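Colleague: After the sequence you'll find the predicted model.
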Amino acid sequence: MTAAVLCIGTELTRGELLNSNATWLAESLTRIGLEVTSVDCVDDDRARIEACLRRLSAEHRAIVCTGGLGPTTDDITTECAARVAGVELYRDEPSFEQIKERLRRFGRPEMAAANAKQADFPVGSRILPNPNGTAPGFCVKLGEAASYFMPGVPSEMKAMFDSYVAPGLAGLVSESRHQIVLRCFGMPESECNERMAGLEALHGVYVGYRASMPEIEVKLLARGATPEAAQALARRAADDARLRLGDAVYGEGFGSLPEHLGALLAERGRTLAIAESCTGGLAAELMTRTPGSSRYFLGGAVVYANEAKSELLGVPAELITAHGAVSAEVARAMAEGVRQRLGADYGLAFTGIAGPDGGTAEKPVGLVHWAVASAAGTVGKERVFSGDRLVVRRRAVFSGFDTVRRALV
């Protein structure tokens, strides 16, 4: 049972907008049990959209499409779908009234003709409500393919997919499939691959990898006659993989290291405070992306200037003079200072040279010192990270998070 993902929009083909919808949809379809064999992107051109829909509908049993349902003149997806289906468009009055009411609530009593066309659908299609926006989606049969069309706005698309698309597609899956994703940090992708050698043949599963700097996802996909059989097979393979990869595996499922660290802190009833110099607030930003992070994250301080390190964290000025701001000693003092000032169980601190300049022979660009302070003492680490400024900062932050994680387990 194969499926295709199609994303429509000139802003995507020109690189003006990151196509995050494609990744999210491919992962979601895989979890349902569909085999995604095609991910396409096409601009707002009638001929190319229709040609793509005809090709995909001839090769797949399911198509999931996003984009081109808006009110502007380049939003032509619905028209193209109707032409490929060989049917006319009709106006759905309930959808029309819902769009009018939504616009009225936002202070627009008069509906423009451009908005009205969002209530037009191919004859015979099933409408997918959109309580989060003005563009409803729809499902229509194109050849033998069940084809779902959703808005390109990620939040609207995801809600619509979970409510209407996923349940509809799940009924098309005949073979049971189950995937377990192991999330890893601190081991190169090549080493992960070497350690996993022979696991596919041994357990009869498919092993895939995805590097998402600086993490690696190891995906184990199993097929079985029943859901229970597929789950059991995937579980055996995942347990074997965990033994092979060791403590590089920090968790399972979807969600990056900051999310898993937050969950671990919450589970243990522990709190964290962060002091940042070279990372410039990135660590605090990543920790607070998850709703409810106030349960375990108390706060942070971005202390670029040496005076800020002393005044806000209590780092002795003579310590900075003696060792330099980028040093193991200052990193440890920052971690201890932020822990004490905010009353946290763990204090995490970073200081370094993110680049692209500012390095010396003794302290090169990419050098980062980080430290974790707790009631058990303070642990300091250092490393010279490769990459540009953003990469150095991100690698440093994840390394610090991993140090806290290891202190918790």
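Modeller: Structure received. Numbering: from 1, shown residues only.

Colleague: Going along the chain, name the helices of the stretch 201-350 of the chain.
Modeller: In the stretch 201-350 of the chain, the helices defined using DSSP state H, counting those that start in this stretch lie at 227-245, 257-268, 282-287, 306-313, 317-323, 328-342.

Colleague: Centre of the chain to the last one, how far?
Modeller: Mean-position distance between helix 328-342 and its chain equals 31 Å (CA atoms, centre = their mean, to the nearest Å).

Colleague: what does the longest one give?
Modeller: Centroid separation for helix 227-245 versus its chain: 24 Å, with CA atoms, centre = their mean.

Colleague: And for the fourth one?
Modeller: The gap between where helix 306-313 is centred and where its chain is centred comes out at 35 Å by CA atoms, centre = their mean.

Colleague: so it versus helix 328-342, what angle?
Modeller: Relative orientation of helix 306-313 versus helix 328-342 (axes from the mean of the first three to the mean of the last three CA atoms, to 10 degrees): 40 degrees.

Colleague: swap in the longest one?
Modeller: Angular relation of helix 227-245 and helix 328-342 on a 0 to 180 degree scale: 130 degrees, by the same axes, to 10 degrees.

Colleague: tell me which residues in helix 227-245 are buried?
Modeller: Residues of helix 227-245 classed as buried: 230-231, 233-234, 236-238, 240-242, 244-245 (neighbour count, 16 or more other CB atoms under 10 Å). No exception for glycine: its C-beta is placed from N, CA and C like everyone else's.

Colleague: Same question for stretch 210-219.
Modeller: 214-219.

Colleague: before we move on, what about stretch 106-123?
Modeller: 111, 115, 117-122.

Colleague: which of these lies closest to Gly400?
Modeller: Of all the buried residues of stretch 106-123, Gln118 has the smallest distance to Gly400: 46.7 Å, by CB to CB.

Colleague: Just say helix, strand or coil for the closest one.
Modeller: helix (DSSP: H, G, I helix; E, B strand; the rest coil).

Colleague: re earlier: of the helices of the stretch 201-350 of the chain, flag the one that's most buried.
Modeller: Of all the helices of the stretch 201-350 of the chain, helix 328-342 has the most neighbours on average by mean count of other CB atoms under 10 Å, namely a mean of 24.

Colleague: Could I have the CA atoms of that helix written out in PDB?
Modeller: Extracted in PDB, the C-alpha atoms of helix 328-342 (Å, rounded to 0.1, in the frame of the first residue of the first chain):
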ATOM      1  CA  ALA A 328      36.900  25.400  32.400                       C
ATOM      2  CA  GLU A 329      37.200  27.400  35.600                       C
ATOM      3  CA  VAL A 330      34.700  30.100  34.500                       C
ATOM      4  CA  ALA A 331      32.300  27.500  33.100                       C
ATOM      5  CA  ARG A 332      32.200  25.800  36.400                       C
ATOM      6  CA  ALA A 333      31.700  29.000  38.300                       C
ATOM      7  CA  MET A 334      28.900  30.000  36.000                       C
ATOM      8  CA  ALA A 335      27.100  26.700  36.500                       C
ATOM      9  CA  GLU A 336      27.400  26.900  40.200                       C
ATOM     10  CA  GLY A 337      26.400  30.600  40.200                       C
ATOM     11  CA  VAL A 338      23.200  30.100  38.200                       C
ATOM     12  CA  ARG A 339      22.200  27.100  40.200                       C
ATOM     13  CA  GLN A 340      22.600  29.000  43.500                       C
ATOM     14  CA  ARG A 341      21.000  32.200  42.300                       C
ATOM     15  CA  LEU A 342      17.900  30.400  40.900                       C
END
